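Enquirer: no FASTA, just this:
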């Protein structure tokens, strides 16, 4: 039980995928302009990440491993992720057309979110079990959502503040992201997995 | 004992607030002043919050003091009374006391100085009658909240009945610096105030009555306490510490009850009612004295006044008058403010009047109220948040207001801001926060109003669409039903016609209706076809192969559909006249003439199409398909013309047999002629005027104008003649023969004229647009690419078609009726001649335009080949050809007209006309010859300048020479016939 | 050889399974119409003027949902463009001048003594804001006129004027303060030259 908790703390804070491992920076910078959008993106990514880490684990353990086809892991994971993203897209389109519209290109781009593939591959390299894989994926997603929402809330305020002209726009965003990453370094010694 | 109880009234506190310098003592040095009557009183109709009042008086009316001069206009509106006796001088737009500095409708009252009161009718029995009646009485007395917003008092009191009231609060706090009007009012009218409160308490029945007053008004407090203990009243006094803005309604409620008015709600929702002291006194005056609200206490203060004081002033008194009264020093003035320094607004002019909500005039010197320092960046010190009495986040609101994120500003409760100015006052960066909030608020309000309006528009648009759809569906259903019925009937009819007369007669209108329907369908199909053809053309231009094939298929489909419809129609109409002709001859002419009209339109349309195709053919000579089409169209045209001639024959036949109320027709015709004559006379007059003018300036156009004059006079004469003749002929009335037709023709002619006018307007518009494009510096290619030239062409084609139609129409009946009605013929011929003249003029204008354009191109430095490539030379030639054709037509028609007329009409006047026509004709032909010669000259010149194009140009020269020859022979002929005619005479 | 075939077979199998899942999802989560159109339509000014090149506001809303530019609506002006940009999360662009320019709010007024009662304008009005009958004088219900200009063109006698709606004391609104003046002392030295774009 403690182990599971540690996995969560580790992925959310200590080894945060965005600010420590620098995976999934594209949506982190791209969809953080507005709070509502980023919440939607966070939810979609959480869904995709959890589901895809589960599916990739199943694919690896029950299809690739028995046949000795471990070298096919990357291509089959990409296949799994693509399908999960497509599925998510359909669900979002049906349930929340505005979110679908707002997420726009970023929704299909979850496919290429390196965090998703990264989680799947790390699950294999860390030899996580079934539950651990799911928790690892979920934790990574929560960590991603956490920093995304924090960051977008900050950017929203920065957008209306009088930032010096040369720093306006993405520049101040990058600086803020850097400062956030520095702050997250403070969690380093918290847990070690 | 009482006093001790009063002291213990509990006082809470509210968040924030500031302590600006009070500056209240200046205006309390002098006793209450009573300024004299000004020369005029300006009474704005919108002194309150809702809709403007409606004036009851007219300019020049005499009114007495206290008389109602404007009545309420809706729920939130109010009454207005004459502040003194006098005359209504005007009801007009005047500058009003408003931050915008705009004008609004005001009643201007010129006082007579007598101050004669209208009979006063106090409401003595207010305790006995129903409360609703008392409220209505208050409304009629024009009483509104005197605190600032101008909310009608009776509405506020009605709202207070929503919940049982725990507190009735009288606002005497007057927290804003400088203002002492309420202080003075309490001192001067203490008893009236208490009586007014008691009346209001009777109306609202609150548990507690509390007067909230700031501790910087000791004199007023003492006076109140004395009266209250004397009357042993249950009214409490709550002395609140001096802090701005404790006089704000919600702040005072929080101070006295400890309860906060929730966001978006009113005090009444938490069982509290708040009234200003001025309102209480006004209520007392209205009910016990019967005096409407016509004056108020106002503070006149500021360093620019030598004698700052409080005055009781009549509404409508101009501010300038009051300033004068208080020894105004204009040199010292830097800003004139209505209201206090915190919430007031700058007045641009001292001409604005005092209204019901004006509590202070502040004439501030520069030292007193320096210009605001320039805004600097926010340093996020948070002092505004500390000062905000509404517990908002001013800094956050500022960001949202600045970045126009109004939705978020609303989420941060922007509308709870009372605009007290405390945040701006404390801001170390001197940011005008309140101005930002005001701007945001008004933007949001505007957006909301726009939303309401757009919702309404959408609703109406959708309702309209639904209605149209329903109508179309209904029509379609009816059409189907009728088609079914008529086809049944048609078969029945054939069998039953000999025996039964009645059903056939009934069937006739049905078939005409049916044919109408079919026609509509055909028209729709044709417009579709046109659209498709246009698309096809575009596709051809852009060389989209697939599209072309596709479109061509569609075009042929559409054509087939139209053909089938037309067949149906033909069957229908042929069936229609057959059936009724046997028993009811009257019904038949109408459909036939309709049919005739349609057929003619068809001819014109086919002609236009043919022309278009021929043009296309010229552009792409190898296109076999096009050639086929052209030939098909030509056969079509022939067929259509055949039907026209057939139909016109049948029309004639039917009209000959039908005796259709000839007299009425004649009188109609007569009327029309009279109108024409009048118009012609007017034209003559106009031309004469023009001639005079031209003579004055010795203009070269004199000749032309003279000619015009002659023509106009001639026409007028002619019309009068015809007018005289039918009048004579009317009683005799060879009725059976020609008149119905002339009537029909006249109607048709009228319609065609309107069509022509519209077509011309279309051309004008297109030309204007092209001109515009040219002015915008777009080159020819761009212009050609735009839709306008094609539109122009279309319109011109249409015009040409119409004119041709008209001409043919005019000639066809004239031939038919020549023997029977010479006068009508003459008339119609005159019309035709006129038409032709118009055609000529248009053709000439076209030539002129083309030449001008070519000139323009030359001016633009384009070389010959480019010009050649542009459309203009071609157009020029086309136009010239058209002109020549028209002129030829005219000459033949003129001769053809002249012969029958000469033969039949013995009167000499009739002869003048053709002769005149001939003369003008000759002149025109001469012009044509001259033009052709000029053209040849031009071409020769070009030949010299560009030898590489020699072949082309030579060909053109040859063509032009041929034209010249034909024109010359025509001219000779004309001259010959003229001499002949003269000899004959 | 066998391993290669096996690898291919496994991949094909995976693809088939996933294809089946997606096919099912496509049926199960099928979307009827495009609800976003309603939201776009709600932001448009509903003048039904057709200046965008579409016959009414809803068709334009549909076109926007299908990717047309959001800056083709002159009556809505920059405010509408901003609102659309916020809704669709695209960049707000300036108004496309080809479709007309943003002008002050106007209403149609018929010069009534010149009206010939042809009813052409009544047929053209998209919101039924013109009142009249054949051969009778027509008039515009000003409150319901959207200022779309559509009645001006069909009038054969050009008796319709588009009159700007003036600001009255009731409709007046406060101006936005000028903000931090470019010339005033600013905190950041580099901002002095550049315009502050708030």
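Expert: Nice, I can see it. Only a predicted model underlies this, so the values are computations on that prediction, with no experimental measurement involved.

Enquirer: close to chain A: what parts of the stretch 101-250 of chain B are there?
Expert: Applying the criterion C-beta under 8 Å from any C-beta of the partner chain, no portion of the stretch 101-250 of chain B neighbours chain A. C-beta coordinates here come from the backbone N, C-alpha and C atoms, glycine included.

Enquirer: which stretches of the stretch 101-250 of chain B form helices?
Expert: B:131-140, B:153-159, B:181-188, B:190-204, B:218-231, B:249-257 (DSSP state H, counting those that start in this stretch).

Enquirer: for the helix or strand harbouring residue B:425, packing partners?
Expert: Element membership for residue B:425, per DSSP states H and E: helix B:422-426. Contacts defined by 3 or more C-beta pairs under 8 Å, 6 or more residues apart in numbering or on different chains; DSSP states H and E place helix B:422-426 against helix B:383-387, helix B:433-496.

Enquirer: any low-confidence regions in chain A?
Expert: For chain A, applying pLDDT under 70 flags the ranges A:104, A:191-193.

Enquirer: run the last query once more with 80
Expert: Low-confidence segments of chain A, defined by pLDDT under 80: A:1, A:96-99, A:101-107, A:109, A:112, A:160-162, A:189-193.

Enquirer: any idea which helix is longest in it?
Expert: Longest helix in chain A, counting residues (DSSP state H): helix A:130-160.

Enquirer: do the same with chain C
Expert: Secondary structure of chain C per DSSP H: the longest helix is helix C:2-28.

Enquirer: surely residue B:413 meets residue B:388?
Expert: No: assessed by C-beta atoms under 8 Å, residue B:413 is found out of contact with residue B:388, at 10.7 Å.

Enquirer: look at these two and report which has more neighbours.
Expert: Counted by other C-beta atoms under 10 Å in any protein chain shown, residue B:413 and residue B:388 do not tie: residue B:388 has more neighbours, with 25 against 15.

Enquirer: contact partners for that one?
Expert: Taking C-beta atoms under 8 Å, 6 or more residues apart in numbering or on different chains as the criterion, residue B:388 is in contact with B:15-16, B:394, B:422-423.

Enquirer: residue B:346 now?
Expert: B:99, B:335-337.

Enquirer: distance of it relative to chain C?
Expert: 13 Å (C-beta to the nearest C-beta, to the nearest Å).

Enquirer: leaving aside the residues next to it on the chain, what's closest to the most centrally placed residue in chain C?
Expert: For chain C, the residue nearest the mean C-alpha position is residue C:44 (4.1 Å; C-alpha atoms, centre = their mean). Closest residue in space to residue C:44, ignoring its immediate chain neighbours: residue C:57 at 4.2 Å, by C-beta to C-beta, 6 or more residues apart in numbering or on different chains.

Enquirer: how close does the one you found get to residue B:462?
Expert: Separation of residue C:57 from residue B:462 (C-beta to C-beta, to the nearest Å) stands at 11 Å.

Enquirer: what about those two, which has more around it?
Expert: Set residue C:57 next to residue B:462 and count neighbours by other C-beta under 10 Å: residue C:57 wins out with 29 against 15.

Enquirer: quick one on the thing from earlier: could you list every helix and strand in contact with the longest helix of chain C?
Expert: helix A:73-95.

Enquirer: tell me the buried residues in the helix it packs on?
Expert: Going by neighbour count (16 or more other C-beta atoms under 10 Å in any protein chain shown), the buried part of helix A:73-95 is A:73, A:76-93.

Enquirer: cool, and stretch B:938-956?
Expert: Here stretch B:938-956 shows B:938-939, B:942-943, B:953, B:956 as buried, counting by 16+ other C-beta under 10 Å.

Enquirer: so which of these sit within helices?
Expert: Using DSSP H, the buried residues of stretch B:938-956 in helices are B:938-939, B:942-943, B:953, B:956.

Enquirer: with distance to chain C and pLDDT added, can I get those residues in CSV?
Expert: Below are these laid out as CSV (distance: C-beta to the nearest C-beta, whole Å; pLDDT from 0 to 100):
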residue, distance to chain C, pLDDT
B:938, 39, 72
B:939, 42, 74
B:942, 39, 71
B:943, 44, 73
B:953, 41, 75
B:956, 40, 77
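
Enquirer: which non-adjacent residue is nearest the residue of the stretch 51-200 of chain B found nearest chain C?
Expert: Proximity of the stretch 51-200 of chain B to chain C (C-beta to the nearest C-beta) peaks at residue B:100, 4.0 Å away. Distance criterion C-beta to C-beta, 6+ apart; nearest residue to residue B:100, sequence neighbours excluded, is residue C:172 at 4.0 Å.

Enquirer: about what we covered before: now do the longest helix of chain C and helix A:73-95, the angle between them.
Expert: 10 degrees (axes from the mean of the first three to the mean of the last three C-alpha atoms, to 10 degrees).

Enquirer: just for chain C, where's the confidence low?
Expert: Checking chain C against pLDDT under 80 turns up C:1, C:31-36, C:89, C:97, C:100-104, C:166, C:169-170, C:179-198.

Enquirer: and what about residue B:43, helix, strand or coil?
Expert: At residue B:43 the chain is in strand, as set by DSSP: H, G, I helix; E, B strand; the rest coil.

Enquirer: distance of it from residue B:28?
Expert: Taken as C-beta to C-beta, the span from residue B:43 to residue B:28 is 29 Å.

Enquirer: between the two, who's got more neighbours?
Expert: Using other C-beta under 10 Å as the criterion, residue B:43 and residue B:28 rank with residue B:43 on top: 28 against 18.

Enquirer: what helix or strand does residue 108 sit in?
Expert: Since you didn't name a chain, this refers to chain A. Using DSSP H and E, residue A:108 falls in helix A:106-109.

Enquirer: my bad, chain C
Expert: Per DSSP H and E: strand C:106-110 holds residue C:108.

Enquirer: paired strands for that strand, with orientation please.
Expert: Its sheet considered, strand C:106-110 pairs with strand C:160-164 (antiparallel) by DSSP bridges.

Enquirer: tell me, how many residues neighbour the residue in the stretch 351-500 of chain B that chain A sits nearest to?
Expert: In the stretch 351-500 of chain B, the residue that lies nearest chain A is residue B:399 (3.8 Å; C-beta to the nearest C-beta). Using other C-beta under 10 Å, residue B:399 is surrounded by 22 other residues.
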